[in-house]
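Enquirer: the following comprises the amino acid sequence and a computationally predicted model.
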Amino acid sequence: MRKYEIMYILRADLDEATRKEVMDKLAKIITDNGGKVENTDESMGLRDLAYEIKDQTKGYYVVLKVSMDNIAINEFNRKVRINPSVLRHLIVVDHK
């Protein structure tokens with residue numbers, strides 16, 4: 001399995017309980033498909049967006065370091081695209 005870094009931005013208008021629930025569900029997608037989440041709570045917090053995304057000017061940034069294969073990546077991409085709480089996401093190979 002390769003190591004990746006996933007960054008995603010959640011809607012700023014989510015309450016704390018809902019935000020935690022969405023973060024747990026996204027991490028569970030990785031673990032359910034054979035991946036491993038290296039860090040469990042690596043949030044950058046609420047920040048201003050550089051430009052408006054889906055009528056939002058602020059977003060809650062989260063960074064995960066994970067180990068996973070292509071099956072987990074594809075499933076994560078599929079589910080995060082249809083999740084209305086996620087504004088954007090990015091997956092990059094972690095070369096560290």
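Expert: Yep, that arrived. Just so it is clear, the model here is predicted, and its values are computed rather than measured. Numbers count the residues shown, from 1 in each chain.

Enquirer: residues contacting Ile29?
Expert: By Cβ atoms under 8 Å, 6 or more residues apart in numbering, the contact set of Ile29 is 72, 75-76, 79-80. No exception for glycine: its C-beta is placed from N, CA and C like everyone else's.

Enquirer: most neighbours among the residues you listed, which one?
Expert: Phe76 (24 neighbours; other Cβ atoms under 10 Å).

Enquirer: please, which helix or strand holds that residue?
Expert: Following DSSP states H and E, the helix or strand that holds Phe76 is helix 70-81.

Enquirer: ok now that helix, how far from the chain's centre?
Expert: 11 Å (Cα atoms, centre = their mean, to the nearest Å).

Enquirer: average pLDDT across the helix or strand following that helix?
Expert: Using DSSP H and E, the helix or strand that follows helix 70-81 towards the C-terminus is strand 86-93. In this model, strand 86-93 has an average pLDDT of 94.

Enquirer: now do the buried residues in strand 86-93.
Expert: The neighbour-count criterion (16 or more other Cβ atoms under 10 Å) identifies 86-87, 89, 91 as the buried residues of strand 86-93.

Enquirer: what's the closest of those residues to Thr31?
Expert: Checking the buried residues of strand 86-93 against Thr31 by Cβ to Cβ gives Ile91 as the nearest, at 15.7 Å.

Enquirer: might one say that the closest one is in contact with Tyr8?
Expert: No. Applying Cβ atoms under 8 Å as the test, Ile91 and Tyr8 come out as separate, 9.1 Å apart.
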